[in-house]
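A.B. asks: Sharing a sequence plus its predicted fold:
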Amino acid sequence: MDFFTNTNVSSAHTTFNQPLRVLIVEGDSGIRSQLRMLIGAEDREIFESASGSDAIAKLKVKDIVLVLLNMQLPDTSGLDVMDWISNFKISTNVIMISAGESIDSVIRAFGSGIVDFIRTPYDPEVIRHKVDNALGRSRQERNKVMMAAQLEQSERLHRFMVESSPDIIYTLDASGCFIFVNGRIVSLLGYERDELIGRKYTTIVHDDDIGLAQYAFTERRSDNRATTNVEVRLKSKNNSYRQFETRHIVAMVSSMGVYVESSDKHNALTRRFMGTYGVARDISERKVAEESISFQALHDHLTQLPNRRLFKDRLELSVTQSMRNGGLVGVMFIDLDRFKLVNDTYGHAEGDTLLKSLAQRLRGCVRAGDTLARQGGDEFTVLLPDLKHNEDAGIIAEKIMDVLKIPFIVGGQEFRATTSIGIAVSPSDGSDADELMKNADIAMYKVKASGKNNYQFYSSDMNACCYERVNFENELRQAIKSSEFELHYQPQFSVCGDRVVGLEALVRWRHPVHGLLDPARFIEAAEESGLICNITDWVLGEACRQIAHWRDVGMDDLRISINISPLDLVRNDIVERIINNINAYRLPENVLEIEITENLLMHDVSGVCEKMWQLHDQGVRISIDDFGTRYSSLNYLNKFPISTIKIDRSFVQDICEEKGASPIIHAIVGIARGFGLLLVAEGVESTYQMNALYDLGCDEMQGFLFSKPLPAEEVESLLKYSLSNATALAC
Ligand code: C2E
Ligand code: CA
Ligand code: CA
């Protein structure tokens, strides 16, 4: 920094043009005036001293270049003044003036450093000539000193600039060895400068970039357009590629050739290449930024997997190559089953965590050359660029299904994820990327439609299924508009009273083409498209209207159960929607029951707990459907106002003469007793099951043994029969 605060260069510049100061030391004022007249000139400033002491005083403070010093002064000898000048190392030239001095004193005067001697009486021309000479020499000397100072400053400036540069600055000799390199090399690559001097530039260049670097480091041109800019990766001292975060140091190297010109013996001008000098700038950070921009453009932000675009590019390339080489290219479409439910019930943060963990597991299933990509949402694709046989894709699909058997943790709980996988293989299932993707997607939807958690290879007869799927959502919308739904009611019997105590309302869709469809065919699609809430609204209105009607005709001891989707419960208006119907049909307390599944209750997602209490306070019963299939934690039973638990059909169906009732059913019965809850067994198909459940202490039963779900008119006759039976029993 010193250079910039130093003013020497500018003072040197002014000194070049400053007048030269001359001091006339002479006791006689007349002679002083004569001398002043004689030697005065524009570029000179003349001072006078009448005594030696005054001369010394002026020499101390003025920058006198030349002194005309009389040997005899009123107060002292000129020689004493000379002694003082040499003792105090005053930088000035002295011409001694003397009248007939002894030769000894002249010798002494020269010995003490005078530059000339004039004897009086003097010839004016001689004086003028000698003064001019002396001043000319002084000026030359001064200029030389100033030039040297300027050069030194300029060199210091350049040295300072080179050393404080954020770039590596170097000079190479003609063979490419370092002659000079600045200190930046130490911090950037870990070399001491001396270690590099004499070594070739290739020492610091990434092996793969040496060809490139040759252009820059050995640049042989030296005109204005000579510098070459080349991006190369640099190598640090410990022979690793210096990491900048995770990447190499990338340097932009600019060089210029250095030549000397000389004349040969025939006087012809020759240019000799001496080497190169140049600058290497660390552009790693810029590269990282650039790479991250292009990385982001081609990768999925959440999982860091290749995105749809990159996948498509790679697929197109693989297909083109396979057309040439005759290989097989496989595409897998992987869709997480029921992911929307996870997202909507646990929240997006948990959904994202699940997707990230899933991506990680999928990554472990594919081979090094395969590409696993995220298409968006819960859809992933795998590119299998060189399959030996179609079946190899099946092996990978099985591997994926296998690793998913280990549960994930979602919201602190175990979650078993399953996937539906569709596979298409070129050339048989498509000759371009789009067709392969489309067919893998169709195969995946076929898996979804046939119960999920599986994989299938595409076959051309699947196209009809695909057409169905595209239309399905539109048809469902239309069904809602024109009320194509029906409710069937499955009776629930009391164990001891042997009569119908409740009805579960189960929705059906009377499809204009396909006839009566079970909920398994459309509930999931309705949930995925969000149309489930419209269906629930219809079911609620219809079930409440129907039970109100039956109550009007004397069947006033009945409870009606409605299945509510988790997607309904997370909506803010669910309490209002239910209560509005209760009020509209003036249903008393405990007539309406809603059946919900456990997963929502594990965490108080979207204030479900508060909503449950609001419903409970308005006389709505809450039943846990499919109890025992999902979670082991029972904490929520204390927290929520639950009235009923329904043993899942799968446990009931396990009861048989050989095995009896499973320990799980015993446990569920114990839980219901412990928490004082009504226990309903569903899916009862045999009298053996009925008796076993009766013995266990189950309160109510529902199942094909008693009745299938029936349309309203049919269930009405059954209810009338049950009512008269109960009345008869009472009589
Ligand atoms: P869920 O709530 O577990 O309903 C019981 C299902 O078990 C019904 O099937 C019923 O017909 C069947 N089932 C009853 N007893 C037996 C039996 O003894 N053996 C066998 N094998 N099955 C029996 P369904 O009507 O096909 O309904 C299937 C599922 O669809 C329901 O399971 C429920 O989760 C859903 N669902 C039905 N209606 C609605 C609705 O209105 N809204 C919503 N969100 N879901 C509904
Ligand atoms: Ca149910
Ligand atoms: Ca159930």
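C.D. replies: Happy to help now that I have it. Numbering: from 1, shown residues only. Ligands and ions are numbered 1, 2, ... in the order given.
A.B. asks: make it CA atoms for all contacts and neighbour counts henceforth
C.D. replies: Fine.
A.B. asks: Which part of this structure gets nearest to ligand 3, residue-wise?
C.D. replies: Across the chain, the shortest distance to ligand 3 (C-alpha to the ion) belongs to residue 626, at 4.3 Å.
A.B. asks: Now stretch 18-27: average pLDDT?
C.D. replies: Average pLDDT, stretch 18-27: 92.
A.B. asks: What of stretch 461-480?
C.D. replies: Model confidence over stretch 461-480, given as mean pLDDT, is 78.
A.B. asks: what does stretch 576-586 give?
C.D. replies: Per-residue pLDDT values across stretch 576-586 average out to 96.
A.B. asks: hey, C-alpha coordinates of it in CSV?
C.D. replies: Included here for stretch 576-586 are C-alpha records, laid out as CSV according to Å, rounded to 0.1, in the frame of the first residue of the first chain:
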residue,chain,number,x,y,z
GLU,A,576,-70.4,-27.6,9.3
ARG,A,577,-71.2,-30.0,6.5
ILE,A,578,-72.2,-32.8,8.9
ILE,A,579,-74.1,-30.6,11.4
ASN,A,580,-76.0,-28.9,8.6
ASN,A,581,-77.4,-32.3,7.6
ILE,A,582,-78.2,-33.3,11.1
ASN,A,583,-80.1,-30.1,11.6
ALA,A,584,-81.8,-30.3,8.2
TYR,A,585,-83.3,-33.7,9.0
ARG,A,586,-83.7,-33.0,12.7
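A.B. asks: who's in contact with the closest residue to the residue of the chain closest to ligand 3 other than its chain neighbours?
C.D. replies: Beyond its immediate neighbours in the sequence, the residue positioned closest to residue 626 (C-alpha to C-alpha, 6 or more residues apart in numbering) is residue 648, lying 4.1 Å away. With C-alpha atoms under 8 Å, 6 or more residues apart in numbering as the criterion, the residues that contact residue 648 are 625-629, 681-683.
A.B. asks: Of the residues you listed - the most surrounded one?
C.D. replies: residue 681 (27 neighbours; other C-alpha atoms under 10 Å).
A.B. asks: Can you verify that one is assigned to a helix?
C.D. replies: No: the assignment for residue 681, made by DSSP: H, G, I helix; E, B strand; the rest coil, is strand rather than a helix.
A.B. asks: So which bits of the chain are right by ligand 1?
C.D. replies: Selection of the chain residues close to ligand 1 by C-alpha under 6 Å from any ligand atom yields 506-507, 518-520, 536, 539, 563-565, 682-685, 703-704, 709.
A.B. asks: same for ligand 3: which of those residues are within range?
C.D. replies: Filtering the residues of the chain next to ligand 1 for neighbours of ligand 3 using C-alpha under 5 Å from the ion leaves an empty set.
A.B. asks: tell me the contacts of the residue of the stretch 51-200 of the chain found nearest ligand 1?
C.D. replies: Nearest to ligand 1 in the stretch 51-200 of the chain, going by C-alpha to the nearest ligand atom, is residue 188, at a distance of 64.7 Å. Under the criterion of C-alpha under 8 Å, 6+ apart, the neighbours of residue 188 are residue 236.
A.B. asks: Now do the SS call for it.
C.D. replies: State at residue 188, reduced to three classes by three-state DSSP: helix.
A.B. asks: State the helix or strand in which the closest residue to ligand 1 within the stretch 301-450 of the chain lies.
C.D. replies: Residue nearest to ligand 1 within the stretch 301-450 of the chain (C-alpha to the nearest ligand atom): residue 341, separated by 12.3 Å. In this structure, residue 341 sits in helix 339-346 according to DSSP states H and E.
A.B. asks: Perfect, I'm done here.
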